[in-house]
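Undergrad: I need the structure of the sequence given here:
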Amino acid sequence: MTRDDVKLLKAAAKSLEFFAVMVLRAKPTEQQLRVIRAIDKGKRHISIRSGHGTGKTTLLSWIVLWWGSFREDVKIPMTAPTSHQLYDLLLPEVRKWWEILPDVLKSSVEIKTERVDFPQGFAVARTARKEQPEALQGFHATNLAFVIDEASGIPQIIFEVAEGAMTGEETLVIMAANPTRTEGYFYDSHHKNRWMWECFQFNAEESENVSRDWIEQKKRQYGHDSDVYKVRVKGEFPSQSSNAVFALADVEDAVAREVYDDSGAEVWALDIADYGDDRSVLVKRKGKLFYSIEARRGLNLPELAGWLLYEVKNAQRRPAVIFYDAIGVGSSLGAVGFDVGLDMLRGVKASNTATDYKTYENKRAEWYYTLKEIMEEGKLPDDDELVGELMANKYKISNTGKLQIIDKKEIKNELGRSPDKADACAMCCESFSGLDALAVEDELPEGLTEEEEMYGGAAW
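TA: The predicted model follows:
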């Protein structure tokens, strides 16, 4: 080791900013620098609410390498609510910056599948789920650092179990998240417990890492005033409209969920474009797993039937039923499809009377609230447009005292497009209980009349 190496390492050990800029040759954004400088000033409890693409996970990786490389008796629990966040995002980011380290540091650090070994300690990845409340428990060291990514999605019990270790004066605790929830440990760190934390906001609109084109795209996808835009772009907590059908946290959970029930029937649904820029959207569901969503424009009825026939022939599992909205353009799809062998097509009408007619004004409301129930344990596709459309759905009480979804035109005015993907997912929940109880997938599901079987229809 040369004299210059010694000087470099001594300076890096004292300053995270020096380490990031001079050792890693990184160019931190102004948002990242504010956090880095707070840590260099001795702040040890950091909470960051962030939009997408701002570099929060990159910042966490710099902290892991810096804290572990220059301290004795070091332990760094790294946690997130999903294995994807840890093993596909955070740990690869740590490895990426480890590759850039000068040899004198790089040779003393070993990156493994679930941990990083340092000369006098380690960092270890632990997924934080409510079934595993011990994720942050049992760590003791002179130099302890908790690195918590997507902290908003971590169950409260995880923090309660680890609270003793996390509250040490010299223990570094850094939490970062898209602020999806208006309750819990992370939310409290920006509100009633703010006095305990150095709080930061990474607004993607103000980040050097995020392009203006991306910002404009998200405005179109979500709507500038929507909760999804606030959370995913601006890094603000949702205001959560009192009449929203879905809570953003529940939608985000359903997108990220890694354990779900896919034991039910194979069911598809096709939301058919009427006119203009609307798209025809095909959704596929197995039990509570919505595993595919695809949109196409400009298809006439024979082309729609051809698309469905191709999908059926190439599917791993034959669908028990394909629901479609057979009003207007789609009213003849059943006949066209039958001619090419699609005998599982079933038309349904969103305007028809709900099965639970005492609670819901029509089928449309019943479908959306069934989707809401499925989402509690189910899995949704990771699709930004779908998330925006779900969050734009609001309910009202009809003049008969029943739950009703606001008119589709209102949603289209808010989003600037028709909520085709959300509508297709909702339609895919028709006859959910009856369908998924069927032992033979080809049978006609309970709740469908002979007329619906033959003709169908769905007025959104």
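Undergrad: how about the strands in the stretch 351-460 of the chain?
TA: Ranges of strands in the stretch 351-460 of the chain, per DSSP state E, counting those that start in this stretch, are 395-397, 403-405.
Undergrad: confidence-wise, which of those is weakest overall?
TA: Of all the strands of the stretch 351-460 of the chain, the segment with the smallest mean pLDDT is strand 395-397, scoring a mean of 88.
Undergrad: which positions in that one come out as buried?
TA: Of the residues in strand 395-397, Tyr395 count as buried by neighbour count, 16 or more other Cβ atoms under 10 Å. Yep, even glycine has a C-beta here, placed from its N, CA and C like the rest.
Undergrad: which strands border that strand, and is each parallel or antiparallel?
TA: strand 403-405 (antiparallel) (DSSP bridges).
Undergrad: give me the contact list for the partner strand.
TA: 245, 359-362, 364-365, 368-369, 393-398 (Cβ atoms under 8 Å, 6 or more residues apart in numbering).
Undergrad: check stretch 154-161 too.
TA: 79-81, 128-130, 133-137, 148, 166, 184-186.
Undergrad: kindly report the same for stretch 228-240.
TA: 49-52, 54, 178-182, 187, 190, 201-205, 215, 218-219, 222-223, 227, 247-249, 384, 387-388, 391.
Undergrad: in strands, which of those appear?
TA: Arg49, Ser50, Gln201, Phe202 (DSSP state E).
Undergrad: output those as TSV; include the columns distance to Leu415 and pLDDT.
TA: TSV is the format used below for the ones in strands among the contacts of stretch 228-240 (distance: Cβ to Cβ, whole Å; pLDDT from 0 to 100):
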residue	distance to Leu415	pLDDT
Arg49	25	96
Ser50	24	96
Gln201	25	96
Phe202	25	97
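Undergrad: got CSV for those, with distance to Ala350 and neighbour count too?
TA: Below are those laid out as CSV (distance: Cβ to Cβ, whole Å; neighbours: other Cβ atoms under 10 Å):
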residue, distance to Ala350, neighbour count
Arg49, 37, 27
Ser50, 38, 27
Gln201, 40, 18
Phe202, 40, 27
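Undergrad: any idea how far Ile174 is from Ala244?
TA: With distances taken as Cβ to Cβ, to the nearest Å, Ile174 is found 31 Å from Ala244.
Undergrad: between those two, which one's more packed in?
TA: Ile174 (26 against 17; other Cβ atoms under 10 Å).
Undergrad: doesn't Asp149 make contact with that one?
TA: No - Ile174 lies out of contact with Asp149 (Cβ atoms under 8 Å); the separation is 9.3 Å.
Undergrad: which residues do the two both contact?
TA: Leu60.
Undergrad: then stretch 289-306 to PDB, C-alphas only?
TA: Listed next in PDB are the C-alpha coordinates belonging to stretch 289-306 (Å, rounded to 0.1, in the frame of the first residue of the first chain):
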ATOM      1  CA  LEU A 289     -52.900 -14.700  -9.500                       C
ATOM      2  CA  PHE A 290     -53.400 -12.100 -12.400                       C
ATOM      3  CA  TYR A 291     -50.400 -13.200 -14.400                       C
ATOM      4  CA  SER A 292     -50.900 -11.500 -17.800                       C
ATOM      5  CA  ILE A 293     -52.300  -8.300 -19.200                       C
ATOM      6  CA  GLU A 294     -52.000  -7.300 -22.800                       C
ATOM      7  CA  ALA A 295     -53.500  -4.400 -24.800                       C
ATOM      8  CA  ARG A 296     -54.100  -4.100 -28.600                       C
ATOM      9  CA  ARG A 297     -55.600  -1.300 -30.700                       C
ATOM     10  CA  GLY A 298     -57.500  -1.300 -33.900                       C
ATOM     11  CA  LEU A 299     -58.800  -4.900 -34.000                       C
ATOM     12  CA  ASN A 300     -62.100  -5.700 -35.500                       C
ATOM     13  CA  LEU A 301     -64.300  -8.700 -34.400                       C
ATOM     14  CA  PRO A 302     -62.700 -11.400 -36.600                       C
ATOM     15  CA  GLU A 303     -59.200 -10.100 -35.600                       C
ATOM     16  CA  LEU A 304     -60.200 -10.200 -31.900                       C
ATOM     17  CA  ALA A 305     -61.500 -13.800 -32.300                       C
ATOM     18  CA  GLY A 306     -58.200 -14.700 -34.100                       C
END
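Undergrad: now it: buried residues?
TA: Leu289, Phe290, Ile293, Ala295, Leu299, Leu301, Leu304, Ala305, Gly306.
Undergrad: for Val312, what are its contacts?
TA: For Val312, the contacting residues are Arg318, Pro319, Ile322, Leu342, Met344, by Cβ under 8 Å, 6+ apart.
Undergrad: if we go to 7 Å?
TA: Contacts for Val312 were tallied using Cβ atoms under 7 Å, 6 or more residues apart in numbering; they are Arg318, Pro319, Leu342.
Undergrad: check Trp214 too.
TA: Shown in contact with Trp214 (Cβ under 7 Å, 6+ apart): Gly53.
Undergrad: one more: Glu110?
TA: Asp117.
Undergrad: quick check: bridge partners of it?
TA: Counting by DSSP bridges, Glu110 is bridged to Asp117.
Undergrad: tell me how far it lies from Lys234.
TA: 39 Å.
Undergrad: which two in the buried residues of stretch 289-306 are spaced the farthest apart?
TA: Leu289 and Leu301 (29.3 Å; Cβ to Cβ).
Undergrad: thinking again about what came up before, any of the contacts of Val312 buried? List them.
TA: Neighbour counting by 16+ other Cβ under 10 Å classes Pro319, Leu342 among these as buried.
Undergrad: hmm, Gly287 is touching Arg317, no?
TA: No - under the criterion of Cβ atoms under 7 Å, Gly287 makes no contact with Arg317, lying 11.2 Å away.
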